[in-house]
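Engineer: Predicted structure and sequence below. I'll ask about it afterward.
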Amino acid sequence: GLLTFPKMIPLRRDARGRAWLARPRQALHLRSKSKLRQGPSKGFPLRGNWTNLALWYMVIELGQSVFHVQVDTGSSDLAVPDQSCSCSQHLDPSWNPAQSAGVQPASCNDPNIACSGGQQTSCTGSNNQCQYQIQYADSSGYTANVWVTNATFGSFQFGGIKINDQYAGSIVSESGNFEPPAVDGIMGFAQQSISVIGAPPMIQQLSRNANCPFHFSMCGDVHHTGGILTVCGGGKNYYGQLQWTPMVNYDQGFYNIYVQDFAVNGQRLGIDSNVYNSGMNTVDSGTTMMLLATPAFSALKTAFLNNCSTNSLHGVCDVSSSATLFDNGNCFSMSASQIAAFPNIEIYAGEPGSTITITISPNAYLVPGFCSDPTQYSLSIQSNGSTGTLLGDPIMLANEVHYDVANRRMGFAPKSSSCVFSTKK
């Protein structure tokens, strides 16, 4: 089960319902905007058959070693399997940091991290090396030793960006099914304040090393073959205009926005905004579904059922009202035309008076991969208790999502038709 620690915040969840825990810590100030390089942003391919893996991942290098790591905007630590670990099978050879040139153990006395011992961190070995542990809600997790290494964001093939003095964990033990075989480890993109060891995440180090804006964007391919991650400024993988809204509750360490209400084809659900915003209202690439408070989820189901008078939606209108897509994760075989008949879902975000509309198309919230029959589709929206909102991957399948951390704002625009990385760009 989920471990409980003082001042811990659950967030990261995947198809198995894992939620990661982190200890808040004061973040460092960002580099002054006036000194930032104004060069072009740079795109990298997001990999992963989202249908089967239910996550996106990319290539990085630690020292001389190549790894495939999940991209998670709901956590802040970086970790890959150590050579000494009896870990489950993964794609790449395990890391051997002790024998890697330019890699040094991170001491518990390192002033750039917080590793003074406690329930999640400890000091180990003759060199007083920092070690930490993370436990997830499905009892999976890991323990890792911390190292300081030169790294490459991306790979040489795609013009990777060099990073100095990156803190990275080498996993010495893991429990449960931490990551699928195609993925070695995890790379958190959230803020430094929620790193278990208080280390700057790789995306923040990239901004400092490349002297470029702390601004990145993500979008996924609705055909579930990957997507595009753009750093040092956002991508241009969208049409129309970006709509911007401030990040709220910034001190939580996550990328939160204010949610006014949800709507179906422009008709608001009429749910009080406190239901959406009490707790977390986070945009998180590490959550495979969109999670709504029970009152909002129930109202969303009712809005779909009300569509049945004019539009017979397969899996909603042609089955019992207690056996729809909204009930018990039910799965249905669907043609492209049946999916296209479903309405758009809109999210009205931002404070009243500065409202933006984020559109979620049906091919972003009706997805394969969660059913025992891989040809069937299910709803990638679920109930998540009495309050709070977690805006997971469906929002990135429908939009290019911009995380302008330097200016504490988020941008949304309908993504380009494919959002598949091309070397010709």
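Structural biologist: In hand now; what should we look at?
Engineer: State the distance from Y258 to I347.
Structural biologist: 11 Å (Cβ to Cβ, to the nearest Å). Heads up, the C-betas are built off the backbone N, CA and C, glycines and all.
Engineer: Ok, S217 next?
Structural biologist: Counting by Cβ to Cβ, the gap from S217 to I347 is 18 Å.
Engineer: now do N399
Structural biologist: Distance, N399 to I347, using Cβ to Cβ: 10 Å.
Engineer: Mutual contacts of the two, please.
Structural biologist: 358-360 (Cβ atoms under 8 Å, 6 or more residues apart in numbering).
Engineer: top of the residues you listed by neighbour count?
Structural biologist: Of all the shared contacts of N399 and I347, the most densely surrounded is I358 (25 neighbours; neighbours counted as other Cβ atoms under 10 Å).
Engineer: who does the residue lying closest to that one once chain neighbours are set aside bridge with?
Structural biologist: In space, and not counting its chain neighbours, I358 is closest to I347: 4.2 Å by Cβ to Cβ, 6 or more residues apart in numbering. Assessed by DSSP bridges, I347 has beta-bridge partners F262, I358.
Engineer: Next up, the contacts around I347.
Structural biologist: Contact partners of I347, counting by Cβ under 8 Å, 6+ apart, are 259, 262-263, 357-360, 391, 395.
Engineer: Y132: which of these is nearest?
Structural biologist: L391 (27.8 Å; Cβ to Cβ).
Engineer: tell me the contacts of that closest one?
Structural biologist: Contact analysis of L391 by Cβ under 8 Å, 6+ apart lists 257, 281-284, 287, 290, 347.
Engineer: repeat that with 6 Å
Structural biologist: Counting by Cβ atoms under 6 Å, 6 or more residues apart in numbering, L391 makes contact with 283, 290.
Engineer: Equivalent analysis for P394, please.
Structural biologist: Neighbour list for P394: 290, 360, 364-365, 380 [criterion: Cβ under 6 Å, 6+ apart].
Engineer: From Y377, how far off is it?
Structural biologist: Counting by Cβ to Cβ - P394 and Y377 are separated by 13 Å.
Engineer: which residue ranges form the strands in the stretch 1-150 of the chain?
Structural biologist: With strands called from DSSP state E, counting those that start in this stretch, the stretch 1-150 of the chain shows them at 42-46, 57-62, 65-72, 78-81, 104-105, 121-124, 129-135, 141-153.
Engineer: same question, the stretch 301-425 of the chain
Structural biologist: 332-333, 345-349, 356-360, 366-367, 376-379, 381-383, 389-391, 399-404, 409-414.
Engineer: looking at those, which is buried most?
Structural biologist: strand 389-391 (a mean of 26; mean count of other Cβ atoms under 10 Å).
Engineer: Name every strand pairing with that one and say which way it goes.
Structural biologist: Sheet partners by DSSP bridges: for strand 389-391, these are strand 281-283 (parallel), strand 290-292 (antiparallel).
Engineer: need those strands in TSV with distance to M58, mean neighbour count and mean pLDDT, can you?
Structural biologist: Output for these, formatted as TSV (distance: least, Cβ to Cβ, whole Å; neighbours: other Cβ atoms under 10 Å; pLDDT from 0 to 100):
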stretch	distance to M58	mean neighbour count	mean pLDDT
strand 281-283	18	24	93
strand 290-292	23	25	95
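Engineer: so which of the ones you listed comes closest to A413?
Structural biologist: Across these, A413 has its closest neighbour in strand 281-283 (13.9 Å, Cβ to Cβ).
Engineer: So what touches the closest one?
Structural biologist: Strand 281-283 has contacts (Cβ under 6 Å, 6+ apart) with 254-256, 259, 389-391.
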